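Peer 1: quick one, what's the 3D model for this:
(2 chains)
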Number of protein chains: 2
Amino acid sequence: MEWPRQPGGIIDAATVLAANRAFYAAFEARDLDAMSDLWDRSERAVCTHPGWPVLRGWPAISASWFTLFTNGQHLQFIVTDEVVALEGTVAWVTCVENLLGDGAGPGGSVAALNVFALVDGAWRVVAHHGSPILARH
Amino acid sequence: MEWPRQPGGIIDAATVLAANRAFYAAFEARDLDAMSDLWDRSERAVCTHPGWPVLRGWPAISASWFTLFTNGQHLQFIVTDEVVALEGTVAWVTCVENLLGDGAGPGGSVAALNVFALVDGAWRVVAHHGSPILARH
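Peer 2: Coordinates of the predicted model:
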């Protein structure tokens, strides 16, 4: 997968949105290489999957993706309600991950907050936080 | 409650940490005025409580705090594992909200990601996302 770069150094919401979509494309494709390319590799990277504790730093985060990508459950979802906020070289996106039921699972929706930072001209994920949306709210 | 300002325009991790602690102080005190002062009032503000959908904009967010502060459940917690990342005028904090059981509830832990932006010289919450940590991970 090609990483979305900013032609001519353009930093705008569209390039952030492209990065967010590349993240979900890598997730759905269970492509650890693509996922690795998307993340900031520094210690500041943080990741919280639904129900999980906070994982810090790329080694722990990559291990979690490896686990998710090899556990036999192929997650597919439609991402909606993407809203980008941008300030300087940091951007954050909120969206809803609408999981498609696979027969084994009931589907459901996950609320996500993804933070990106511009590193060497490309948006990298510095924080991902997902949590299940319960029907009662 | 006094809002932590940056004397002499200093922007550092300590001032972000002070803002994060003020957020939890307002939460625990069920102080809607203090909470209001901490948040960015623009449309970009987003808030996801555990199990809730994404709330956007201060009107919806303030209504959720009002509900939480008046539902008869007095949440108290010890915040641990605070880690601050800072880039330009944006900062994000990950931490764990360790809820103290009140007899009615079992306690438990919430993983949180809080994003702050510098607005008029003060850190304001632009995004809060909390999700319960399940024991199995």
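Peer 1: spatially central residue in chain A, please.
Peer 2: Central residue of chain A (Cα atoms, centre = their mean): residue A:23, 4.6 Å from the mean position.
Peer 1: so what's the residue nearest to residue A:55 when sequence neighbours are not counted up against?
Peer 2: Of all residues beyond its chain neighbours, the one nearest residue A:55 is residue A:47 (4.6 Å), with distances taken as Cβ to Cβ, 6 or more residues apart in numbering or on different chains. C-beta here means a position set from N, CA and C on the backbone, and glycine is covered the same way. Shown in contact with residue A:47 (Cβ atoms under 8 Å, 6 or more residues apart in numbering or on different chains): A:54-55, A:60-61, A:64, A:127-129.
Peer 1: where in chain A is pLDDT low?
Peer 2: Residue ranges of chain A with pLDDT under 70: A:1-10, A:102-106, A:136-137.
Peer 1: if we can go back for a sec, please tell me which one of the contacts of residue A:47 counts the most neighbours.
Peer 2: residue A:129 (29 neighbours; other Cβ atoms under 10 Å in any protein chain shown).
Peer 1: run a quick check on the residue nearest to the centre of chain A versus residue A:34, I expect a contact.
Peer 2: No. Between residue A:23 and residue A:34 there is no contact under Cβ atoms under 8 Å: 9.0 Å.
Peer 1: which of the contacts of residue A:47 sits closest to residue B:13?
Peer 2: residue A:127 (15.7 Å; Cβ to Cβ).
Peer 1: show me what contacts that closest one?
Peer 2: Residues counted as contacts of residue A:127 (Cβ under 8 Å, 6+ apart) are A:45-47, A:113-115, B:85, B:92, B:94, B:113.
Peer 1: what about those, which are in strands?
Peer 2: Among the contacts of residue A:127, the members falling in strands (DSSP state E) are A:46-47, A:113-115, B:85, B:92, B:94, B:113.
Peer 1: name the nearest of these relative to residue B:122.
Peer 2: Taking Cβ to Cβ as the measure, residue B:92 is the one of those closest to residue B:122, at 16.4 Å.
Peer 1: ok, the closest one to chain A distance?
Peer 2: Between residue B:92 and chain A the computed distance is 6 Å (Cβ to the nearest Cβ, to the nearest Å).
Peer 1: skip the chain neighbours and tell me the closest residue to that residue.
Peer 2: Nearest residue to residue B:92 in three dimensions, chain neighbours excluded: residue B:115, at 4.6 Å (Cβ to Cβ, 6+ apart).
Peer 1: which residue, other than its chain neighbours, is closest to residue A:41?
Peer 2: residue A:58 (4.7 Å).
Peer 1: okay, now that neighbour: neighbour count?
Peer 2: Residue A:58 has 17 nearby residues by other Cβ under 10 Å.
Peer 1: that one reaches residue A:38, doesn't it?
Peer 2: No. When contacts are counted by Cβ under 8 Å, residue A:58 is not listed as touching residue A:38 (11.1 Å).
Peer 1: quick one: contacts for the closest residue to residue A:112 other than its chain neighbours?
Peer 2: Leaving aside its sequence neighbours, residue A:112 sits nearest to residue A:130 (Cβ to Cβ, 6+ apart; 4.6 Å). Shown in contact with residue A:130 (Cβ under 8 Å, 6+ apart): A:48-50, A:97, A:110-112, B:131.
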